[in-house]
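Asks: Let's see this in three dimensions:
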Amino acid sequence: MRSDLPVKEIMTRDVCKASIDENIHEIAKRMVEYGVGSAVIMDKNKPVGIVTEKDLIAKVVAKNRSPASVKVKEVMSSPLITIKPTTSIREAANIMMKRGIRRLPVVNDSGELVGIITDNDILSISLDLGELTSLITEQSFGFSEEISGGICERCGKYVDRLYEVEGLNLCEDCAERER
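Replies: The predicted structure is shown next:
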């Protein structure tokens with residue numbers, strides 16, 4: 001992964017947002033519409049918190065509360081941890097790991113919400129760049145790097161050791177079937 005790549009290059013710009021005065025039922029429906037696991041909570045056009053699927057389960061469902069009667073401000077995580085668009089992907093990943101969070105809203109110098117980056121965004125770009133590096137190595141030098149572990153391109157299983165067979169990285173079982 002090119003760790004100096006700024007998060008603005010891969011962040012999602014169309015963020016699921018909600019007002020601090022909305023109820024949980026409204027936000028949950030919006031999260032489903034967006035197909036996401038969180039909503040950034042806004043107060044006077046400034047991000048002030050976040051509600052995640054985990055919050056919905058732990059603070060509403062598990063307590064048998066009615067989502068229509070619970071206000072966002074009762075369950076949102078706050079203060080909000082944010083980053084700038086110029087923050088590197090490596091630094092964003094480190095913040096997520098240290099804080100035990102999976103999402104980081106991105107704000108500009110004025111404090112306005114301009115995007116969000118998730119652990120899945122970082123994982124996707126890491127995998128994409130890794131595959132690109134492998135392809136460049138193979139094209140430039142006529143061989144691919146030895147892969148000690150990864151996902152079998154035939155069955156999708158994660159294994160500690162892959163074998164290259166006819167250009168595919170395969171687990172031992174799939175490689176045996178090919179021979």
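
Asks: rest of the way, CA atoms for contacts and neighbours
Replies: OK.

Asks: Could you check how many residues crowd around Lys63?
Replies: 10 (other C-alpha atoms under 10 Å).

Asks: from what I can see, it looks like it's in a strand, true?
Replies: No: membership of Lys63 in a strand is not supported by DSSP: H, G, I helix; E, B strand; the rest coil, which gives coil.

Asks: okay, it: pLDDT?
Replies: At Lys63, the predicted lDDT confidence score is 96.

Asks: Same check on Arg90?
Replies: 89.

Asks: other SSEs contacting the helix or strand that contains it?
Replies: In the assignment (DSSP states H and E), Arg90 maps to helix 89-99. If contacts are counted by 3 or more C-alpha pairs under 8 Å, 6 or more residues apart in numbering; DSSP states H and E, helix 89-99 sits against strand 103-107, helix 119-141.

Asks: just flag whichever of these has the lowest average confidence.
Replies: Mean pLDDT per stretch puts helix 119-141 lowest among those, at a mean of 59.

Asks: immediately after that helix, which helix or strand?
Replies: strand 150-151.

Asks: tell me the domain boundaries of the chain?
Replies: 7-122, 146-179 (automatic domain parsing).

Asks: okay, those, which one's buried deepest?
Replies: Per residue and on average, the most neighbours among those fall to domain 7-122, with a mean of 17 (mean count of other C-alpha atoms under 10 Å).

Asks: and it, how far from the chain's centre?
Replies: Distance, stretch centre to chain centre, for domain 7-122: 12 Å (C-alpha atoms, centre = their mean, to the nearest Å).

Asks: Report how far apart the opening and closing residues of it are.
Replies: Using C-alpha to C-alpha, to the nearest Å, the end-to-end distance of domain 7-122 comes to 9 Å.

Asks: Show me the shaky parts of the protein.
Replies: 1-3, 127-147, 179 (pLDDT under 70).

Asks: how far off strand 103-107 does the helix holding Arg90 point, in degrees?
Replies: Computed by axes from the mean of the first three to the mean of the last three C-alpha atoms, to 10 degrees, the angle separating helix 89-99 from strand 103-107 equals 130 degrees.

Asks: Just the CA atoms of helix 89-99, as CSV, please.
Replies: The C-alpha trace of helix 89-99 is given here as CSV (Å, rounded to 0.1, in the frame of the first residue of the first chain):
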residue,chain,number,x,y,z
ILE,A,89,-3.9,6.3,4.6
ARG,A,90,-1.3,4.9,7.0
GLU,A,91,-2.1,7.5,9.6
ALA,A,92,-5.8,7.0,9.2
ALA,A,93,-5.3,3.2,9.7
ASN,A,94,-3.2,3.8,12.8
ILE,A,95,-5.8,6.1,14.3
MET,A,96,-8.5,3.4,13.7
MET,A,97,-6.4,0.7,15.2
LYS,A,98,-5.4,2.7,18.3
ARG,A,99,-8.9,4.0,18.9
